[in-house]
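> here is the input, now give the coordinates:
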Amino acid sequence: MRYFLSILVCLSGALNLSAQQKTVTPDLSKIADSKMWTTINRTSNFKDALFLDAKDGDGLARLNELTFENGTIELDIKGKDEQGKSFVGVAFHGLNDSTYDAIYFRAFNFKNPERSNHSVQYIAHPTFTWSKLRNEHPNQYENTVKPVPSSNDWFHVTVVVEFPSVKVYVNNSIEPSLTVTQLSNRKKGWIALWVGNGSDGYFKNLKITRK
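Modelled structure (predicted):
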């Protein structure tokens, strides 16, 4: 009887752990599947990686039927070294097409000695845009990226969300490139791949771990 109870306790602990922390790897090759993905203000295609084209305004590839609260978002991103045309990242705690938090990168600033401190950015739309944050809170919601990637190459991103804390790591560094306190009061919502005004971008190896 004691042996049986011990097994039940172990199984219960394993089930609780599984329920608390779940890792999913969304299939980016199924971007055309409207049950899985919703693409907003962009045209997408997949060939080895998901590509979102450039248009005016921000664009999203939103993952349907997954609610994210706290945990880790990992993915590989590729921008380009073209001034003002490479804003690439990930949105989270989304409510609608214009209300979300996001972390994004300005790939063209990675190796620019005069603007490298504007390489990674936190925003909370629609209220806290990059321009508002830069003007009112300079150097608090953007930073350099370390180690410094090539502007035209793939780089690995890890976003750790423990509301209200957000930490951003690049290329598996042990030190975060950016640490911020969220400005929105939303504790959960959808996740989306994100590109900024006039920007395209490539994405692959998306992995989401929910706590």
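> only C-alpha atoms for contact and neighbour calcs from this point on.
Noted.
> pretty sure P147 contacts N171?
Yes. Here P147 reaches N171: they are 7.1 Å apart, a contact under Cα atoms under 8 Å.
> and the spatially most central residue of the chain, how far from E136?
Against the mean C-alpha coordinate of the chain, by Cα atoms, centre = their mean, the closest residue is V90 at 2.8 Å. Computed as Cα to Cα, to the nearest Å, the V90 to E136 distance reads 23 Å.
> kindly report the same for T99.
According to Cα to Cα, T99 stands 20 Å off from E136.
> pick out whichever of these two has more residues nearby.
Taking neighbours as other Cα atoms under 10 Å, T99 and E136 compare with T99 leading, 18 against 10.
> contacts only, for the more buried one.
Contacts for T99 (Cα atoms under 8 Å, 6 or more residues apart in numbering) come out as A124, H125, P126.
> need the buried ones from these selected in PyMOL.
In PyMOL, selecting the buried portion of those, with burial taken from 16 or more other Cα atoms under 10 Å, looks like this:
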select buried, resi 124+125
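> name the helix or strand of this protein that has the lowest mean pLDDT.
Counting by mean pLDDT, DSSP states H and E, the chain has its least confident helix or strand at helix 2-20, which shows a mean of 39.
> I figured the residue nearest to the centre of the chain hits I191, correct?
Yes. If you go by Cα under 8 Å, V90 and I191 touch, sitting 7.3 Å apart.
> tell me if I'm right that F46 and I31 touch.
Yes. Under the criterion of Cα under 8 Å, F46 makes contact with I31 at 7.4 Å.
> those two: which has the busier surroundings?
The residue with more neighbours, out of F46 and I31, is I31; 21 against 16, by other Cα under 10 Å.
> tell me which element L133 is part of?
helix 130-136 (DSSP states H and E).
> can you give the strand pairings for the helix or strand just after that helix, parallel or anti for each?
Sequence-wise, the next helix or strand downstream of helix 130-136 (DSSP H and E) is strand 142-143. Note on strand 142-143: by DSSP bridges, its sheet partners are strand 120-125 (antiparallel).
> what residues does the strand it pairs with touch?
Taking Cα under 8 Å, 6+ apart as the rule, strand 120-125 contacts 98-106, 129-130, 133, 141-145, 177-178, 180, 182-184.
> and that strand, how far from the chain's centre?
Put simply, strand 120-125 sits 10 Å off its chain's centre (Cα atoms, centre = their mean, to the nearest Å).
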